[in-house]
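Trainee: A structural model of the following input is requested.
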Amino acid sequence: MTGARNVDESPSQIPIFEESSEEVIETYGGPQTSPLMRSTIPEEPAWRPSPVNDESGEENAEGQLTIDVYQTDEAIVIKSTIAGVKPEDLDVAINNDMVTIKGERKNEEAVTEGSYYYQECYWGPFSRSILLPVDIIADKSEASLKNGILTIRLPKADTTRIKKIQVRGF
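Mentor: Numbers count the residues shown, from 1 in each chain. Sure, this is the predicted structure:
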């Protein structure tokens, strides 16, 4: 729902800017001529709608959260910017090796389509599922929302420790 960057970008994937010829731009004072810097890679929206089927089988557009996932010595940490959403309107579910974040950003003001000059914010339902790279202890996981940033801490399971079980005979 905000911009994202791939930390594994190769130099060939980095946008290259080239100076274009003069272009006419419509402004409030009338047409203006100005040289523009233009990317050779098409610009994408900050959020990406993904088709989701509801119970009736209809397809709905749903925003996909942008996230940061990193590890510390003790935990896997997931961070996402979720401005304008109350904590009670978020659903964080942990299922085996996956975390799913769901919610909805509600626009409290009704604005007609023709009234917008720009419409870049995403309003509506969103979700994101993240495959976890290591085993975690789901019962000790914590999620907090502060200043529009959701932080989920998932303590790592100690997989190096050997657990012995006793075999019972019948």
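Trainee: Do I have it right that Glu62 meets Arg128?
Mentor: No - between Glu62 and Arg128 there is no contact under CB atoms under 8 Å: 9.8 Å. C-beta coordinates here come from the backbone N, C-alpha and C atoms, glycine included.
Trainee: just for the chain, where's the confidence low?
Mentor: 1-60 (pLDDT under 70).
Trainee: how about the nearest residue to Gly103, chain neighbours excluded?
Mentor: Leu90 (4.4 Å; CB to CB, 6 or more residues apart in numbering).
Trainee: is it true that that neighbour touches Gly148?
Mentor: No - between Leu90 and Gly148 there is no contact under CB under 8 Å: 11.8 Å.
Trainee: So which residues of the protein form strands?
Mentor: Remark: strands assigned in the chain by DSSP state E are 17-27, 30-39, 50-53, 59-64, 68-71, 75-81, 90-95, 98-105, 124-131, 142-146, 149-155.
Trainee: so what's the residue nearest to Gly103 up against?
Mentor: 82, 101-103, 143, 145, 150 (CB atoms under 8 Å, 6 or more residues apart in numbering).
Trainee: Now tell me what touches stretch 132-140 from outside.
Mentor: Here stretch 132-140 has contacts from 71, 75-76, 94, 97-99, 154-157, 159, using CB under 8 Å, 6+ apart.
Trainee: Next: stretch 144-163.
Mentor: 71, 74-85, 87, 90, 92, 94, 99, 101, 132, 134-138, 140-143.
Trainee: Any of those residues buried? List them.
Mentor: 75-76, 78, 80-82, 85, 90, 94, 99, 101, 132, 136, 141, 143 (16 or more other CB atoms under 10 Å).
Trainee: Thanks a lot, see you next time.
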